[in-house]
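**Q** Quick check, what structure comes out for this input:
(one chain, ligands or ions: 1)
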Amino acid sequence: MSYATLGRTGLSVSSLGYGTWGVSSAMWLGTDQDEAARSLHQAIGAGVNFIDTALSYGDGSCERLVGEVVRSAGAEVYIASKVPPIEWPEAPGMRAPEAFTADWIVECTERSLRNLGVEAIDLQQLHVWSDDWLTEGDWIEGVDRLRKDGKIRFFGISTLPHEPNNALALVRSGLVDTVQVIYNVWDQSPEDELFPAAQEAGVGIIVRVPFDEGGLTGKVTADTAFPADDWRNDYFAGHRKAQVHERAQALVGDLGIAMEALPEIALRFCLSHSAVSTVIPGMRTRAHVRSNVKAAESGRLRDSDLAILRSHRWVRNFYEDE
Ligand SMILES: NC(=O)c1ccc[n+]([C@@H]2O[C@H](COP(=O)([O-])OP(=O)(O)OC[C@H]3O[C@@H](n4cnc5c(N)ncnc54)[C@H](OP(=O)(O)O)[C@@H]3O)[C@@H](O)[C@H]2O)c1
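**A** Model prediction:
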């Protein structure tokens, strides 16, 4: 496993991190909890030392599982969690105090500390962010209080889907240690402004959704059926399944590779940018851990492959209704 410094935190994090949203969430169906726990153990055994979770994943149950696994593994693992907003922003225009207040940030962090069974969270993130909030409300006082009391070591935010530029002012403000952002073969937009700004400011970049929720694994086709009530029925609604499959076929065709090799390429694409310290694919099985560890250990892609991938940029927002 290779490691990189996570911006100004100075933490040396594994290039492959672990995304746990699907591990415990009412939105992802079909998770085998025992297999998910074994997968977390296997990843830690392979050198993964960065796990991303959130208070809202399974209403605390994901944090409890992560805490248990990390304790029993006995390895040094950095845990990143997230404070949910008081209300999830449905539309632009929400003001900071409607999303995060100092007291809310402290209260949620204390719940996360209890769930995780730790004295301090290595990286606490706001689960959503808008640069409009930079000078609004008292949220920063909550972050300062937690740092002063030793309850969090570092502080970051997670950007709204496909809005990497909606954290530029924060990155330049010096208030934040890390930014978590969607970056993958299709949404390459963080390269334009966010990555250079983060590198200049020493802000660590954590990449989420490297597989476009499955679209970039090649496994989503027009005939794919997700379990009823699984949230991906909305994400891949209507013609979208056929559309991503066509795009995936075009990609592997241009690269001259088999569809089975796409997950490896998709992951290595994210790790090929020097601004990226760690990528956190969602994993629920040991088979996926094995294949993603192998991909991360294969290093950066060749420039000739990257040039081909650049021409497949396709930015859109499937998290929004059609
Ligand atoms: N707002 C936020 O802050 C936010 C939002 C979204 C995600 N996140 C974080 O980012 C993490 C990653 O995002 P994500 O899980 O939503 O999406 P993702 O990583 O793009 O995709 C996850 C999907 O990829 C599949 N997969 C993983 N490895 C594979 C492999 N080697 N071959 C084939 N398929 C593979 C998984 O399979 P299975 O279905 O079999 O598990 C799952 O269906 C989350 O777990 C979470 O920690 C944060």
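
**Q** What ranges does this protein have for its strands?
**A** Remark: strands of the chain, listed N- to C-terminal, are 3-5, 12-14, 18-19, 50-52, 78-83, 121-126, 152-158, 178-182, 204-208, 276-279; assignment by DSSP state E.

**Q** okay, the ones you listed in a markdown table with mean neighbour count and mean pLDDT next?
**A** C-betas here are computed from N, CA, C, even on glycine. What follows is the strands of the chain, written out as a markdown table (neighbours: other C-beta atoms under 10 Å; pLDDT from 0 to 100):
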| stretch | mean neighbour count | mean pLDDT |
| --- | --- | --- |
| strand 3-5 | 15 | 98 |
| strand 12-14 | 22 | 98 |
| strand 18-19 | 26 | 98 |
| strand 50-52 | 26 | 98 |
| strand 78-83 | 27 | 98 |
| strand 121-126 | 24 | 98 |
| strand 152-158 | 23 | 98 |
| strand 178-182 | 27 | 98 |
| strand 204-208 | 25 | 98 |
| strand 276-279 | 26 | 98 |
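
**Q** Which one of those lies nearest to the ligand?
**A** Taking C-beta to the nearest ligand atom, strand 18-19 is the member of those nearest to the ligand, at 2.5 Å.

**Q** got the contact list for the closest one?
**A** The contact list for strand 18-19 (C-beta atoms under 8 Å, 6 or more residues apart in numbering) reads 40, 43, 48, 50-52, 208, 280-283.

**Q** Let's see that with 6 Å instead.
**A** With contacts defined as C-beta atoms under 6 Å, 6 or more residues apart in numbering, strand 18-19 is touched by 43, 48, 51-52, 280-282.

**Q** Over to stretch 273-284?
**A** The contact list for stretch 273-284, computed with C-beta under 6 Å, 6+ apart, reads 4, 6, 13, 17, 19, 21-22, 31, 36, 39, 50, 52, 195, 198-199, 204-208, 210-211, 270-271, 289, 292.

**Q** re the thing from before, which of the contacts of strand 18-19 fall within helices?
**A** The helices in this structure, assigned by DSSP state H, contain A43 from the contacts of strand 18-19.

**Q** can you list the strands of the chain in a markdown table and add distance to the ligand?
**A** Converted to a markdown table, these look like this (distance: least, C-beta to the nearest ligand atom, whole Å):
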| stretch | distance to the ligand |
| --- | --- |
| strand 3-5 | 18 |
| strand 12-14 | 14 |
| strand 18-19 | 2 |
| strand 50-52 | 4 |
| strand 78-83 | 6 |
| strand 121-126 | 7 |
| strand 152-158 | 3 |
| strand 178-182 | 6 |
| strand 204-208 | 3 |
| strand 276-279 | 8 |
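
**Q** Reformat the ones you listed as JSON lines; add distance to N317.
**A** What follows is these, written out as JSON lines (distance: least, C-beta to C-beta, whole Å):
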{"stretch": "strand 3-5", "distance to N317": "29"}
{"stretch": "strand 12-14", "distance to N317": "28"}
{"stretch": "strand 18-19", "distance to N317": "19"}
{"stretch": "strand 50-52", "distance to N317": "21"}
{"stretch": "strand 78-83", "distance to N317": "20"}
{"stretch": "strand 121-126", "distance to N317": "20"}
{"stretch": "strand 152-158", "distance to N317": "16"}
{"stretch": "strand 178-182", "distance to N317": "10"}
{"stretch": "strand 204-208", "distance to N317": "15"}
{"stretch": "strand 276-279", "distance to N317": "20"}
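
**Q** Double-check N317 against L160; I have them as touching.
**A** No - N317 is not in contact with L160 according to C-beta atoms under 6 Å; the separation is 9.5 Å.

**Q** Among these two, which residue is more densely surrounded?
**A** For N317 versus L160, neighbours defined as other C-beta atoms under 10 Å are more numerous around L160 (19 against 12).

**Q** Determine which two of the contacts of strand 18-19 are furthest apart.
**A** Spatially, the most separated pair among the contacts of strand 18-19 is V48 and G282, at 13.3 Å (C-beta to C-beta).

**Q** More neighbours: those two, which one.
**A** Comparing V48 with G282 by neighbour count (other C-beta under 10 Å), the higher total belongs to V48, at 26 against 20.
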